[in-house]
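> predicted structure and sequence below. I'll ask about it afterward.
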Amino acid sequence: MKFKFYLAKDDDELVFNYDNETSELRYENGDIVVAQDVFKDWLPAYKMDAGKRDLTTIKIQLGLKCNYSCHYCSQRFVPRNPDDTFVHEEEDGKTVQEIDEFIKRFDKVSTSDEELIFEMWGGEPFLYFEKMQLITERLHKKYPKAIFKVITNGSLLNQEIIDFIVKYEFAVSISHDGIGQKTRGPDPLEDSEKKKWLFKLRNLLVNDGRFSVNAMIHKDNDSRVGVAHWIKNNFGMVPIGEGGTVDAYDEGGSSMSWQTPEEHIAFRRKAWRDLMSQNATQFTIIRQKIDNFITSLKEQRPSSALGQKCQMDRPDHMSVDLNGNVTTCQNVTTTSDNPDGISHHIGHMDDLEAVNIKTGTHWSDRDECPKCPVLHSCQGSCLFLSPGSKEWKLSCDNAYSDNVVWLVASLYELTGHTLYRIEGEGLLEYRQDIFGFETKNHAI
């Protein structure tokens with residue numbers, strides 16, 4: 001799909017032609033703006049029925065129980081498995097036997113020879129600490145070079161858990177929205193005991209690059225500068241992960257989405273001012289998004305080679321529960337269905353070649369995505385949101401308003417000019433007029 005970009009700097013204006021199928025950016029006279037300097041033989045995007053093999057990332061779903069209740073949580077609507085129970089004694093014989101059987105299934109799993117990442121997922125994963133210990137000990141013995149990661153709300157830390165994290169060199173991300181934490185639940189920093197353990201963990205991991213705070217952006221938490229300022233003042237100068245806008249999986253996420261063109265334009269203005277202020281540099285997403293788009297131009301990455309943003313469509317990424325069941329992603333269970341009534345149970349570790357993701361819609365099969373100027377930054381939002389649903393529309397709008405600002409930032413870095421308008425077939429006016437300007441000379 002071809003688009004026309006209008007950029008301005010004072011009285012100087014640039015007009016570019018952009019093709020999202022070929023990642024070519026050209027001046028009006030046809031000259032290339034960013035010449036291809038990396039030549040690759042691109043392969044087609046992953047087929048979602050291609051099975052799982054040569055795994056590089058394995059997400060282990062311990063269970064969905066959580067002691068917090070985030071308003072926009074992607075797991076709120078997901079039925080729990082009947083066997084989602086806590087373990088209270090590490091040496092519980094039945095649990096040890098079950099974990100041993102789970103680890104034995106890895107004998108049939110092909111993994112990457114270079115890098116293998118295990119991610120431990122909840123709910124709140126440290127509600128399943130005894131299980132996590134058993135699994136990690138055995139996986140570390142089987143894959144001594146593997147990397148371990150976990151995302152936690154940080155409310156359950158204690159000396160035993162910290163010793164475990166340090167021993168197995170976990171990278172830890174703390175889910176916290178900074179100034180907008182009220183939408184997640186209690187703030188562990190307001191409890192002196194919880195704060196003590198959080199800061200002890202931070203001090204042990206941060207210098208090795210293994211500690212971050214993950215924050216989400218939404219209608220009630222819409223300033224990255226505000227979030228970054230709060231986190232800097234309360235956690236210190238630590239990296240901020242995640243950093244994108246929420247998806248609308250149910251009424252919670254829907255209520256925290258921007259609803260009108262005016263709300264979207266107001267958010268884009270704020271997001272751009274935040275980037276230009278250089279006061280939100282703790283967000284790792286800033287460089288990731290800008291570098292990703294500029295790289296797509298330098299490599300002229302075709303859209304046909306583009307995968308989903310979550311990467312769960314890739315054959316080398318897998319989500320699995322402790323019974324060896326493969327699921328669409330780590331946020332669902334075998335007893336849950338996608339909005340079209342199709343089970344998220346997509347296969348089993350005993351036969352990974354047969355894994356088939358029937359529960360999602362690849363971006364290339366949606367009506368909107370191939371016609372979108374921010375396709376290479378967005379990568380299709382969440383794959384199991386149903387096309388045409390209210391939740392999909394809200395999520396798509398959220399993702400567009402966020403990613404169009406990353407597009408503006410990328411072109412600004414390349415040219416020093418600000419993208420203010422995009423024209424393309426079928427593109428709605430509030431998506432064309434990025435910042436709500438009637439002319440290019442309006443100040444943001």
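Happy to help now that I have it.

> how about the helices in the stretch 301-444 of the chain?
375-378, 390-415, 429-432 (DSSP state H, counting those that start in this stretch).

> buried set for the second one?
Read that as helix 390-415. By neighbour count on 16 or more other C-beta atoms under 10 Å, the buried set for helix 390-415 is 391-412, 414-415. The C-beta positions use only the backbone N, C-alpha and C, and glycine is treated the same way.

> count the neighbours of T361 for me.
By other C-beta atoms under 10 Å, 22 other residues sit near T361.

> need the pLDDT of the closest residue in space to it that isn't next to it in sequence.
Nearest non-adjacent residue to T361, counting by C-beta to C-beta, 6 or more residues apart in numbering: P387, 5.6 Å away. P387 is assigned a predicted lDDT (pLDDT) of 89.

> wait, what's in contact with P387?
361, 365-367 (C-beta atoms under 8 Å, 6 or more residues apart in numbering).

> same deal with V109?
V109 neighbours (C-beta under 8 Å, 6+ apart): 55, 349, 352.

> just to revisit the earlier point, so the residue nearest to T361 versus C369, what's the distance?
P387 is 10 Å from C369, where distance means C-beta to C-beta, to the nearest Å.

> ok so, going back, would you turn the helices of the stretch 301-444 of the chain into TSV with mean pLDDT and distance to P82?
TSV is the format used below for those (pLDDT from 0 to 100; distance: least, C-beta to C-beta, whole Å):
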stretch	mean pLDDT	distance to P82
helix 375-378	97	36
helix 390-415	97	27
helix 429-432	96	45
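
> sorry, back to before: closest one of the contacts of V109 to K9?
L55 (46.9 Å; C-beta to C-beta).

> and the contacts of P387, which are buried?
Among the contacts of P387, those classed as buried by 16+ other C-beta under 10 Å are 361, 366.

> mind checking which of the contacts of P387 are in strands?
Judged by DSSP state E, the contacts of P387 include no members of strands.

> as JSON lines, the contacts of P387 with distance to N338 and pLDDT would be great.
JSON lines is the format used below for these (distance: C-beta to C-beta, whole Å; pLDDT from 0 to 100):
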{"residue": "T361", "distance to N338": "9", "pLDDT": "91"}
{"residue": "D365", "distance to N338": "14", "pLDDT": "93"}
{"residue": "R366", "distance to N338": "14", "pLDDT": "94"}
{"residue": "D367", "distance to N338": "18", "pLDDT": "94"}
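
> of the contacts of P387, which is the nearest to F267?
Proximity of these to F267 (C-beta to C-beta) peaks at R366, which lies at 22.8 Å.

> which stretches of the stretch 101-250 of the chain form strands?
117-121, 147-152, 171-175, 211-217, 240-245 (DSSP state E, counting those that start in this stretch).

> and these as JSON lines, adding mean neighbour count, distance to R287 and mean pLDDT?
Formatted as JSON lines, the strands of the stretch 101-250 of the chain follow (neighbours: other C-beta atoms under 10 Å; distance: least, C-beta to C-beta, whole Å; pLDDT from 0 to 100):
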{"stretch": "strand 117-121", "mean neighbour count": "21", "distance to R287": "21", "mean pLDDT": "98"}
{"stretch": "strand 147-152", "mean neighbour count": "20", "distance to R287": "20", "mean pLDDT": "98"}
{"stretch": "strand 171-175", "mean neighbour count": "22", "distance to R287": "17", "mean pLDDT": "98"}
{"stretch": "strand 211-217", "mean neighbour count": "24", "distance to R287": "14", "mean pLDDT": "97"}
{"stretch": "strand 240-245", "mean neighbour count": "22", "distance to R287": "11", "mean pLDDT": "96"}
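
> those strands: which one's closest to G341?
strand 117-121 (24.4 Å).

> now the residue lying closest to Y68 once chain neighbours are set aside: how far from L64?
Take Y68 and drop its neighbours on the chain: the residue closest to it by C-beta to C-beta, 6+ apart is G185, 3.7 Å away. Distance of G185 to L64, computed by C-beta to C-beta: 15 Å.

> for the two, indicate the residue with more neighbours.
Between G185 and L64, L64 has the larger neighbour count (other C-beta under 10 Å), namely 23 against 17.

> which phi and psi does the more buried one have?
Torsion angles at L64 (phi, psi; degrees, to the nearest 10) stand at phi -100, psi 10.

> what about it, distance to G324?
17 Å.

> what about N356, distance to V320?
For N356, the distance to V320 - C-beta to C-beta - is 15 Å.

> between those two, which has more neighbouring residues?
V320 (24 against 14).

> just to check, that one is in contact with M349?
Yes - with contacts counted by C-beta atoms under 8 Å, V320 reaches M349, the gap being 6.1 Å.

> now do the helices in the stretch 101-250 of the chain.
129-142, 159-167, 192-205, 224-235.

> okay, now T327: neighbour count?
Residues near T327, counting by other C-beta under 10 Å, number 25.

> same check, this time on P144
Other residues close to P144 by other C-beta under 10 Å number 7.

> contact partners for it?
P144 neighbours (C-beta under 8 Å, 6+ apart): none.

> any stretches of the chain with poor pLDDT?
83-94, 438-444 (pLDDT under 70).

> check the gap between the residue nearest to D19 when sequence neighbours are not counted and P44 for me.
Nearest residue to D19, sequence neighbours excluded (C-beta to C-beta, 6+ apart): K2, at 5.3 Å. Plainly put, K2 is 21 Å away from P44 if you go by C-beta to C-beta.
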